[in-house]
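A.B. asks: give the three-dimensional model of this entry:
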Amino acid sequence: LSDLLSDMMHSDPAQRPNMDEVFSRFQVLRQGLSKWKLRSRVAHHDDSSIFDLLAHWARRIQYIVRRIPPTHTSLS
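C.D. replies: Sure thing, here's the model as predicted:
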């Protein structure tokens, strides 16, 4: 992911990938991750309180029960 982000923030705008390329590169990265990993927290474990942890798990379970995918799968 860091390579993609670096390319997107290239100092020369002409060298930056267009959105179609960004999307396809992200899809390749996303396919290498499990649904469980895609739903995991981004924050460091010591940066959150017990309330934040419980709120995260409540949302996570709600999304799983409602069968909401962890990420969008198309441009539309």
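A.B. asks: shaky segments in the protein?
C.D. replies: Where the chain drops to pLDDT under 70, the residues are 41-48, 72-76.
A.B. asks: and the helices in the protein?
C.D. replies: Along the chain, counting by DSSP state H, helices occupy 2-8, 19-31, 35-38, 50-65.
A.B. asks: any chance of those in a markdown table, with distance to Thr71 and mean neighbour count too?
C.D. replies: Yep, even glycine has a C-beta here, placed from its N, CA and C like the rest. A markdown table is the format used below for those (distance: least, Cβ to Cβ, whole Å; neighbours: other Cβ atoms under 10 Å):
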| stretch | distance to Thr71 | mean neighbour count |
| --- | --- | --- |
| helix 2-8 | 14 | 11 |
| helix 19-31 | 6 | 12 |
| helix 35-38 | 6 | 10 |
| helix 50-65 | 11 | 11 |
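A.B. asks: at the geometric centre of the protein, which residue do we find?
C.D. replies: For the chain, the residue nearest the mean C-alpha position is Leu38 (6.2 Å; Cα atoms, centre = their mean).
A.B. asks: now the nearest residue to that one once chain neighbours are set aside: how far from His56?
C.D. replies: Spatial nearest neighbour of Leu38, excluding adjacent residues (Cβ to Cβ, 6 or more residues apart in numbering): Pro70 at 3.6 Å. To His56, Pro70 is 13 Å away according to Cβ to Cβ, to the nearest Å.
A.B. asks: skipping its backbone neighbours, what lies nearest Asp7 in space?
C.D. replies: In space, and not counting its chain neighbours, Asp7 is closest to Pro17: 5.5 Å by Cβ to Cβ, 6+ apart.
A.B. asks: for the one you found, grab the count of nearby residues.
C.D. replies: By other Cβ atoms under 10 Å, the residues close to Pro17 number 14.
A.B. asks: contact partners for Pro17?
C.D. replies: 4, 7-8, 25 (Cβ atoms under 8 Å, 6 or more residues apart in numbering).
A.B. asks: any chance of the residues you listed in a markdown table, plus distance to Asp52?
C.D. replies: Listed next are these as a markdown table, based on distance: Cβ to Cβ, whole Å:
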| residue | distance to Asp52 |
| --- | --- |
| Leu4 | 28 |
| Asp7 | 32 |
| Met8 | 29 |
| Arg25 | 31 |
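A.B. asks: with that, I have no additional questions.
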